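Asks: pasting the structure only:
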Ligand SMILES: Cc1cc2nc3c(=O)[nH]c(=O)nc-3n(C[C@H](O)[C@H](O)[C@H](O)COP(=O)(O)OP(=O)(O)OC[C@H]3O[C@@H](n4cnc5c(N)ncnc54)[C@H](O)[C@@H]3O)c2cc1C
């Protein structure tokens, strides 16, 4: 069968699917970015959508909140996106919120070596041919073109490899490029981090030249940029979002008579929801929570911390040297400095040791580095808020890569979403959005 008859049947099937969706409900558990991306896609496809979130606010690991000490809204942690993050950008474009991300107009990554005072800026150039590596003013200070052969070894990474298996730890590029890059992207040091997801990021960004490498930052904070537009869109689409409702159990039906096993319902402390035969459930919770709800689900172990320090500078503490809105730091405790208005915020990834120290000690160590970066070494510490995210990402080791589950499950109406599922990407916002879309697909 082909031609008009096939087209007529395909159109009829599509109409039937739309009708079923209009009557069926898609439940999304978890209102982090993955859950919101799934919910938006499902609502756009015609499903009636209900979102269930345990916390009193949406956003999960990507959120803003009012801080009484600093007297302003801050983010749980600095989040850096790149122009290559096409899913996040498309998500925001579809919500009419593309302007909520901001950043320098060119792809440039300024660095400061806190130990030596050396400053340099990595400036990828246009196009896929990396001729800019041959230009000393565009590459990492103190490196030679031959040092970049590591890139070819990273591109050839095999599934069980760690970053350190592919790059030279004694090489000139290690301390000033591979280590900060791996920490920032993988939230793990090169000796621990899986090489394959870093390779994917590298191929989607640096290997495509400047247009893919422009840094992007939430203009007015993570909530206003990435979470609120999704909530507003869902509200307009008639989706119901229930906050403060922790789902504690899923119930399963063996599917007798209807072919495949399915999720029959779910419950929180006070009420139970029964799923209709065509209803769908997207579980967009962290890995340990998913493993507690879905029998036999293998997940990667989480618990890799990121620590952020937010300092509110008063005008007397204006930087004494030109300080870009984003500055990479090596040779100290702080790793990245973000400046937005009066806030100077620093990030430390793979921060297990720091997260175990008291907030005062963390603040003192971070301020030492920030003061140097601002050209004001020894200045008195301004008001500060330390945020320790102990489960910022899963441990992104080769072993855990193998434990990342696909979106589809043994239950025909249950899909998984989250930055920890098998996206091929590191645990990032881009991975979270792509996972939500995969879970929402037919
Ligand atoms: C400090 C920090 C810095 C980061 N920096 C970057 C960065 O620079 N760039 C980048 O791309 N990414 C960064 N990330 C990672 C990024 O934040 C995550 O990849 C992304 O937010 C994960 O979204 P998610 O929806 O998969 O998971 P989550 O945000 O964890 O969402 C899961 C949601 O499920 C809810 N939930 C849990 N249990 C239940 C339950 N039983 N019932 C109902 N709801 C439940 C949770 O409350 C949460 O809202 C950073 C993360 C942190 C913490």
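Replies: Perfect, thanks for sending it. Quick caveat: nothing in here was measured; it's all calculated off a predicted structure.

Asks: do a quick rundown of the helices in the stretch 301-442 of the chain.
Replies: 352-355, 359-373, 398-401, 429-440 (DSSP state H, counting those that start in this stretch).

Asks: could you single out the most deeply buried of these?
Replies: helix 429-440 (a mean of 27; mean count of other C-beta atoms under 10 Å). (Glycine included, C-beta is placed from N, CA and C.)

Asks: which other helices and strands does that helix contact?
Replies: With contacts taken as 3 or more C-beta pairs under 8 Å, 6 or more residues apart in numbering; DSSP states H and E, helix 429-440 sits against helix 33-44, helix 86-94, strand 280-283, strand 414-416.

Asks: between the ones you listed, which one is closest to the ligand.
Replies: helix 33-44 (3.3 Å; C-beta to the nearest ligand atom).

Asks: just want the angle from the helix or strand that that closest one is followed by to helix 33-44.
Replies: For helix 33-44, the following helix or strand on the C-terminal side (DSSP states H and E) is strand 48-52. Between strand 48-52 and helix 33-44, the angle comes out at 160 degrees (axes from the mean of the first three to the mean of the last three C-alpha atoms, to 10 degrees).

Asks: any residue of strand 48-52 up close to the ligand?
Replies: Yes - if you take C-beta under 6 Å from any ligand atom as the test, strand 48-52 does meet the ligand, through residue 52.

Asks: do the same with stretch 271-290
Replies: Yes - counting by C-beta under 6 Å from any ligand atom, the ligand has neighbours in stretch 271-290: 284-286, 289.

Asks: buried stuff in stretch 277-286?
Replies: 279-286 (16 or more other C-beta atoms under 10 Å).

Asks: what is the end-to-end distance of it?
Replies: End-to-end distance for stretch 277-286, by C-alpha to C-alpha, to the nearest Å: 26 Å.

Asks: report the distance from it to the chain centre.
Replies: Relative to the chain's own centre, stretch 277-286 is displaced by 21 Å; criterion: C-alpha atoms, centre = their mean, to the nearest Å.

Asks: now that stretch: average pLDDT?
Replies: Across stretch 277-286, pLDDT averages out at 97.

Asks: between the helices of the stretch 301-442 of the chain, which one is closest to the ligand.
Replies: Nearest of the helices of the stretch 301-442 of the chain (C-beta to the nearest ligand atom): helix 429-440, 3.6 Å.

Asks: doesn't residue 229 belong to a helix?
Replies: Yes - assessed with DSSP: H, G, I helix; E, B strand; the rest coil, residue 229 lies in a helix.

Asks: quick one: the residue nearest to it when sequence neighbours are not counted and the ligand, what's the gap?
Replies: Leaving out its chain neighbours, the residue that sits closest to residue 229 by C-beta to C-beta, 6 or more residues apart in numbering is residue 97, at 3.6 Å. As judged by C-beta to the nearest ligand atom, to the nearest Å, residue 97 and the ligand stand 16 Å apart.

Asks: what about residue 97, how many neighbours?
Replies: Around residue 97 there are 18 other residues, counting by other C-beta atoms under 10 Å.

Asks: follow-up on the earlier one: of all the residues of stretch 271-290 next to the ligand, which comes closest to residue 366?
Replies: Nearest to residue 366 among those is residue 286, at 26.4 Å by C-beta to C-beta.

Asks: pretty sure the closest one is touching residue 391, no?
Replies: Yes - with contact defined as C-beta atoms under 8 Å, residue 286 reaches residue 391; the gap is 6.7 Å.

Asks: overlap of the contact sets of the two?
Replies: residue 302 (C-beta atoms under 8 Å, 6 or more residues apart in numbering).

Asks: stretch 325-332: which residues count as buried?
Replies: Across stretch 325-332, burial judged by 16+ other C-beta under 10 Å covers 326-332.

Asks: now, which of the residues you listed sits nearest the ligand?
Replies: Distances from the ligand to the buried residues of stretch 325-332, taken by C-beta to the nearest ligand atom, are shortest for residue 326, at 10.6 Å.

Asks: for the closest one, which residues make a bridge with it?
Replies: residue 338 (DSSP bridges).

Asks: tell me the contacts of it?
Replies: 80, 103-104, 109-110, 215, 217, 336-339.

Asks: how about the residues of this protein near the ligand?
Replies: Residues of the chain lying near the ligand (C-beta under 6 Å from any ligand atom): 29-35, 52-55, 60-62, 76-77, 79-81, 246-247, 284-286, 289, 306, 308, 389, 392-393, 418-419, 427-430, 432.

Asks: can you flag the buried ones in the residues you listed?
Replies: The buried subset of the residues of the chain next to the ligand (16+ other C-beta under 10 Å) comprises 29-35, 52-54, 60-62, 76-77, 79-81, 247, 284-286, 289, 306, 308, 389, 392-393, 418-419, 427-430, 432.

Asks: strands - which of those land there?
Replies: Those of those mapping onto strands are 29, 52, 81, 306, 308, 389, 392-393, per DSSP state E.

Asks: identify the farthest-apart pair in the residues you listed.
Replies: So, those by C-beta to C-beta: farthest apart are 52 and 308, at 28.0 Å.

Asks: I'd like the helices of the stretch 301-442 of the chain as a markdown table, with distance to residue 383 and mean pLDDT appended.
Replies: Listed next are the helices of the stretch 301-442 of the chain as a markdown table, based on distance: least, C-beta to C-beta, whole Å; pLDDT from 0 to 100:
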| stretch | distance to residue 383 | mean pLDDT |
| --- | --- | --- |
| helix 352-355 | 20 | 97 |
| helix 359-373 | 10 | 97 |
| helix 398-401 | 38 | 98 |
| helix 429-440 | 28 | 98 |
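
Asks: columns distance to residue 410 on top of the ones you listed, output as TSV?
Replies: Shown next, in TSV, are the helices of the stretch 301-442 of the chain (distance: least, C-beta to C-beta, whole Å):
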stretch	distance to residue 410
helix 352-355	35
helix 359-373	44
helix 398-401	21
helix 429-440	15
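
Asks: wait, which of those helices is closest to residue 150?
Replies: Closest among the helices of the stretch 301-442 of the chain, using C-beta to C-beta: helix 398-401, at 18.2 Å.

Asks: where does the prediction get shaky in the stretch 201-350 of the chain?
Replies: Low-confidence segments of the stretch 201-350 of the chain (pLDDT under 70): 256-259.

Asks: now do the strands in it.
Replies: For the stretch 201-350 of the chain, the strands defined by DSSP state E, counting those that start in this stretch cover 215-218, 240-242, 249-253, 262-267, 272-274, 280-283, 302-312, 326-330, 336-340, 343-348.

Asks: sheet partners, orientation included, of the third one?
Replies: According to DSSP bridges, the neighbouring strands of strand 249-253, each with its direction, are strand 262-267 (antiparallel).

Asks: which one of the contacts of residue 326 is nearest the ligand?
Replies: Nearest to the ligand among the contacts of residue 326, with distances taken as C-beta to the nearest ligand atom, is residue 80, at 4.1 Å.
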